[in-house]
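> I'd like to go over a predicted model; first the sequence, then the structure.
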Amino acid sequence: MPVYPYVGYGDTTFRGAFGIEGLFFQVNEDLVADDARPSRWARIASVTVNFAPGEAPDSVQRLLRRRLGVPDTSCARREDGATVIYFWPDVDSSGVVLAVPLHSRGRALLTFGAERPHVPDVSPGGCGAG
């Protein structure tokens, strides 16, 4: 898998079920330059998949709810639209994040090993109200 700047490793050409387009492995090292490469001691800290624009990962969300239970749900509102953020906590401060933009041009992201989202403009309870 090719080195992906600031992340570790990534493949934007990867295609999978549920409309998945792109696979990324975040390493446990700070890669702070376009040409930075993970060392041979780097370990995978998180795994992220992107979904095709407009693909609603409803089936993925249903699967996660069946396996992991009810997530903490928030809404990140920005100038370009709102994104529903679902977080399933693990035993430590990390967990699984599913971020689903409400506009059709956005890409949903699913990250395993993610830290709890700390977005300053987040409204608890989802994007349904106000």
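It's in.
> how about the protein, which residue sits the furthest from its center?
Among the C-alpha atoms of the chain, the one most distant from their mean position (C-alpha atoms, centre = their mean) is that of Arg40, at 25.1 Å.
> roughly how far apart are that residue and Val27?
11 Å (C-beta to C-beta, to the nearest Å). Using the backbone N, CA and C atoms, a C-beta is placed for each residue, glycine as well.
> cool, Arg67 as well?
As judged by C-beta to C-beta, Arg67 and Val27 stand 26 Å apart.
> over to Ala33?
Separation of Ala33 from Val27 (C-beta to C-beta): 14 Å.
> give me the more crowded residue out of these two.
The neighbour comparison of Ala33 against Val27 (other C-beta atoms under 10 Å) goes to Val27, with 20 against 9.
> the more buried one bridge partners, please.
Ile44 (DSSP bridges).
> wait, it sits on Arg43?
Yes - counting by C-beta atoms under 8 Å, Arg43 is a contact partner of Val27 at 6.6 Å.
> joint contacts of the two?
Contact criterion C-beta atoms under 8 Å, 6 or more residues apart in numbering; residues shared by Val27 and Arg43: none found.
> can you give me the strands for the chain?
All strands of the chain, identified by DSSP state E, fall at 3-4, 8-15, 20-27, 44-51, 72-78, 81-89, 94-101, 109-115, 122-124.
> using CSV, lay out the ones you listed together with mean pLDDT and distance to Leu63.
Below are the strands of the chain laid out as CSV (pLDDT from 0 to 100; distance: least, C-beta to C-beta, whole Å):
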stretch, mean pLDDT, distance to Leu63
strand 3-4, 87, 26
strand 8-15, 92, 19
strand 20-27, 92, 13
strand 44-51, 92, 13
strand 72-78, 84, 16
strand 81-89, 89, 11
strand 94-101, 92, 10
strand 109-115, 92, 10
strand 122-124, 55, 24
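> and those strands, which is most packed in?
Mean neighbours per residue, mean count of other C-beta atoms under 10 Å, is largest over the strands of the chain for strand 94-101, with a mean of 21.
> and it, what does it pack onto?
Judged by 3 or more C-beta pairs under 8 Å, 6 or more residues apart in numbering; DSSP states H and E, strand 94-101 is in contact with helix 58-68, strand 81-89, strand 109-115.
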